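K.L.:
any chance you can model this:
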Amino acid sequence: MAPPSSVLSTTLRLLRDKLVDNSFLAHPLFRAIEASGNLIKVSGGSRIDEPVIFGDHTTITELTGAGFNPVSMAVTDPFTQSRFEWANFTQPIILSAVEKLANKGDLAVVNILESKVNNVMLSLKKEVSKQVIAGTSTVLPSLETLFGATAVAGTGWLEGVAQASQVNVVGGLAKTTYRAQNWYNQFFNSGGNFALAHLDQLMIDCQVNNPGGDFPDIILMSPKCFAAFQAQQQSFVRYTSEADRGSLDRDMVAMWRGARIYVEPNLGFTAGAPAVPVSAYVLSSNQFRLYADVDGFFEMSDMMPVPGTATEAAMIMCRMQLATGHLASHGLLLNAEA
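P.N.:
Numbers count the residues shown, from 1 in each chain. I've put the predicted structure just below:
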């Protein structure tokens, strides 16, 4: 006898956390955001307001002599709110009566249900990654994308041009208006040949503009860009042992200047005129936020009969969005595939 819907619903909820960790949060970018404490769960709200620091709150006064100097109490408001709209999406998990009959016994049905949930979660991860990295998802266009020349025109974060030519609107703030306040991304075009000096310069540009002076800590490279990097740095790049890699991060392939390097299969696509490859993202995870609704972060509904069919279905619901408060802490490397 197949287990009732209530048992299947309980099974779904028990599977949820494990599958979120093993699929969606297994992506290097999302894992780094979570590790830095910037996976933020909120309750409700029609949009996300992310504070952006564009200046100093007060001025510093040096105390000399006995220390009775007048202190400036002038106050400026250094904060501007960037606004990001929620991305809402769902995907069903469907179990037919025929499948339940063909897999009799509680354990057999639970096993097939787990396989279906895992398949759906991996499908969601693939689509989310495609949109965040390349802006090419046709079903999740409302999710923010790092690449600044695809998706909804003029909203991607990282543009492949010098800062003076960047024109996108990110979080409701136009780069043309707030460029002087570091609302632009770093950029380097390697001209067809990868060079370590190019990567170093891009990282330094991100570091000197980071509010805390922190170096970028995550680098996503296309497969060809990583091969070029590896060819140049056989003797200097730091690799981890299998034991260390397992304890730290199983997907990390190398480290450079303290940043973890990952191969990102969605990179390496061509863009621009003339078209050149988008080779790498240099990112500061402490300047990322991944917002999720506390009741909508891959939440699973109960299994319910689908009217007019011999099936039961549960829905995976997600309400989330990427946000940043400092664009100049992130960079884009173009045309570095050889």
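K.L.:
need the nearest residue in space to residue 117, chain neighbours excluded.
P.N.:
Take residue 117 and drop its neighbours on the chain: the residue closest to it by C-beta to C-beta, 6 or more residues apart in numbering is residue 15, 5.3 Å away. Heads up, the C-betas are built off the backbone N, CA and C, glycines and all.
K.L.:
contact partners for that neighbour?
P.N.:
By C-beta atoms under 8 Å, 6 or more residues apart in numbering, the residues touching residue 15 are 113, 114, 117.
K.L.:
least trustworthy helix or strand in this protein by mean pLDDT?
P.N.:
When the helices and strands of the chain are scored by mean pLDDT, DSSP states H and E, helix 242-248 comes last with a mean of 48.
K.L.:
neighbour count, distance to residue 30 and pLDDT for the contacts of residue 15 - can I get that in TSV?
P.N.:
Shown next, in TSV, are those (neighbours: other C-beta atoms under 10 Å; distance: C-beta to C-beta, whole Å; pLDDT from 0 to 100):
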residue	neighbour count	distance to residue 30	pLDDT
113	24	25	82
114	16	22	83
117	21	19	85
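K.L.:
ok, these vs residue 282, which is closest?
P.N.:
Nearest to residue 282 out of the contacts of residue 15 is residue 117 (C-beta to C-beta; 34.7 Å).
K.L.:
can you give me the buried ones in the helix or strand containing that closest one?
P.N.:
Taking DSSP states H and E as the criterion, residue 117 maps to helix 106-134. Residues of helix 106-134 classed as buried by neighbour count (16 or more other C-beta atoms under 10 Å): 109-110, 113-114, 116-117, 120-121, 124-125, 127-134.
K.L.:
with stretch 293-307 instead?
P.N.:
293, 296, 297, 298, 299, 300, 301, 303.
K.L.:
likewise for stretch 90-101?
P.N.:
93, 95, 99, 100.
K.L.:
secondary structure added to those residues, as CSV?
P.N.:
Below are those laid out as CSV (DSSP: H, G, I helix; E, B strand; the rest coil):
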residue, secondary structure
93, strand
95, strand
99, helix
100, helix
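K.L.:
nearest to residue 326, of the residues you listed?
P.N.:
Among these, and counting by C-beta to C-beta, the member closest to residue 326 is residue 93, at 38.3 Å.
K.L.:
residue contacts, the closest one?
P.N.:
12, 113, 116, 117, 120, 300, 313, 314, 315, 316.
K.L.:
that one and residue 307, how far apart?
P.N.:
Residue 93 is 17 Å from residue 307, where distance means C-beta to C-beta, to the nearest Å.
K.L.:
ditto for residue 109
P.N.:
Counting by C-beta to C-beta - residue 109 and residue 307 are separated by 22 Å.
K.L.:
hmm, back to that, out of the buried residues of stretch 293-307, which are inside strands?
P.N.:
Among the buried residues of stretch 293-307, DSSP state E puts 293, 296, 297, 298, 299, 300 in strands.
K.L.:
ok, now which ones touch the residue nearest to the fifth one when sequence neighbours are not counted?
P.N.:
Counting by C-beta to C-beta, 6+ apart, residue 299 lies nearest to residue 317, which is 5.1 Å off, once chain neighbours are set aside. Each residue near residue 317 by C-beta under 8 Å, 6+ apart is listed here: 88, 90, 296, 298, 299, 300, 301.
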